[in-house]
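Asks: Need coordinates for the below:
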Amino acid sequence: MIGFYSTVSDLSIGSHRIWVNDLNEYFKEVGVDSKICSTPEELTEASVIIVGKQSAHHVVPNLRRTFPRKIIGAINIPATRDLLDIDFAVVGSVEEKVSLSSYKNVFLFPLIEKMFQNAEQKKHTLATPYRIGFHGHYPHLAKFESGLTRALERLDKQHKIELVVVTTMGGFVWAHGRPKIENILIKEWDYKTIGETILTCDIGVVPNITQVGFDLENHGVSKDTGLYDTDFILRMKSKSNAGRAFVFHQHGIPVIGDLTPSNLHIMGDPACGAIAMNEQSWYRGLVRFMDPAERTRCSLAAKESFDKLYNPHDWAMRLYTKIQKLER
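Replies: Model (predicted):
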């Protein structure tokens, strides 16, 4: 039996919702004996323990002492801390997998939202205003500076647009990257209403990367060193993933994302979305999707790819198969 050990039960916490609550349900749906446990005593019958992200560093040492013979895994632990005595880690993207490569076994389970698996699909019509949606943790708002800010300001001078931002501000004041446009609607992220809010948007934008300064002159611009004055110079979190894009795909809404590697699994196909990295590319994507017919074509193609590439039962069985091969 697999026992998920989590000290939280709040479904508004994404890592708990997807990697504990949802993954536990996926396991059971494919015939794997699995349950969620809130106390160590409930783990006695489990042969495999998977520890929730929020509690891993606090509880793993105690669990290892209590259950020295059990297989213990942890969900997407920080890459910067001392290594835990675990048999495997669960992550949601290739970027996250690489970040935890100090561990011998790092297994991928993408951030597939179960609550959106059968979500209502957006019906695209000519929109006034043209509603551009963002959802996610508030630090991502600063990433608008990668060119999206200027693209929105440019478009705002030509058409009636509205930027819908769904996040948990918690006293945060958006300064870096906030576009100077007429209509910005900021809504508090709510587990019960997020789907309805997403459906009010015509397209989704997923900025993640920061462009950083780099003195090419002092470092040399040379074919011998592979440095050119047209190079992309980018910075992203090691915990980057495509989860925010997935939510738009699941609702039938086209997405413009940046060059974050996980975005390219679907949106690397131009039929399934748009990739941007500077003002011009963000602007071209925004203009492209003003056409409701184009939004429909793209969202259908992206949803088809998503359903094929991210079937949660397939990914659950992959994960279970890898765990089964582990020995303690």
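
Asks: and residue 227, how many neighbours?
Replies: 13 (other Cβ atoms under 10 Å). Glycine gets a C-beta too; all of them are placed from N, C-alpha and C.

Asks: Give me the pLDDT for it.
Replies: Per-residue pLDDT puts residue 227 at 79.

Asks: Correct me if wrong: it contacts residue 233.
Replies: No - using Cβ atoms under 8 Å, residue 227 makes no contact with residue 233, being 10.1 Å away.

Asks: Now do the helices in this structure.
Replies: Ranges of helices in the chain, per DSSP state H, are 14-16, 23-29, 56-66, 94-99, 148-156, 194-199, 216-219, 243-250, 264-267, 279-288, 292-309, 312-324.

Asks: Go through those helices and pick out the most buried.
Replies: Comparing those by mean neighbour count (mean count of other Cβ atoms under 10 Å), helix 243-250 comes out on top with a mean of 25.

Asks: what about that helix, average pLDDT?
Replies: Rounded mean pLDDT across helix 243-250 is 98.

Asks: Also stretch 177-193?
Replies: Rounded mean pLDDT across stretch 177-193 is 95.

Asks: And the contacts of that stretch?
Replies: With contacts defined as Cβ atoms under 8 Å, 6 or more residues apart in numbering, stretch 177-193 is touched by 11-12, 17, 129, 135, 141-145, 148-150, 152-153, 156, 160-169, 174, 197, 207.

Asks: And for stretch 55-70?
Replies: 5-8, 40, 43, 46-49, 51, 72, 74-75, 77-78, 81, 84-86, 328.

Asks: Go ahead and build a ChimeraX selection from the buried members of those.
Replies: Per 16 or more other Cβ atoms under 10 Å, the buried members of these correspond to this ChimeraX selection:
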select :5,6,43,46,47,48,49,51,72,74,75,77,84,86
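
Asks: The contacts of stretch 55-70 in strands, which ones?
Replies: 5, 48, 49, 51, 72, 74, 75 (DSSP state E).

Asks: And the residues you listed, which two are furthest apart?
Replies: Spatial extent of these (Cβ to Cβ) is set by the pair 48 and 75 at 13.0 Å.

Asks: that older thread, for PyMOL, write a command that selects the buried ones of the contacts of stretch 177-193.
Replies: The PyMOL command for the buried members of those (criterion: 16+ other Cβ under 10 Å) is given here:
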select buried, resi 17+135+141+142+143+144+145+148+149+150+152+156+161+162+163+164+165+166+167+174+197+207
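
Asks: which residues in the stretch 101-250 of the chain form strands?
Replies: Secondary structure of the stretch 101-250 of the chain by DSSP state E, counting those that start in this stretch: the strands cover 106-108, 130-135, 161-167, 184-188, 203-206, 210-211, 234-235.

Asks: Can you say which of the ones you listed is packed in most?
Replies: For these, the highest mean count by mean count of other Cβ under 10 Å goes to strand 203-206, at a mean of 26.

Asks: same question for it, mean pLDDT?
Replies: 98.

Asks: elements contacting that strand?
Replies: Here strand 203-206 touches strand 130-135, helix 243-250, strand 255-257, going by 3 or more Cβ pairs under 8 Å, 6 or more residues apart in numbering; DSSP states H and E.

Asks: re the thing from before, could you dump the strands of the stretch 101-250 of the chain to CSV with distance to residue 222?
Replies: As requested, those are exported to CSV (distance: least, Cβ to Cβ, whole Å):
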stretch, distance to residue 222
strand 106-108, 36
strand 130-135, 39
strand 161-167, 42
strand 184-188, 44
strand 203-206, 35
strand 210-211, 22
strand 234-235, 20
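
Asks: Kindly tell me how buried residue 327 is, as a neighbour count.
Replies: Neighbour tally, residue 327, other Cβ under 10 Å: 6.

Asks: Quick check: the gap between it and residue 91.
Replies: Going from residue 327 to residue 91 by Cβ to Cβ, to the nearest Å gives 21 Å.
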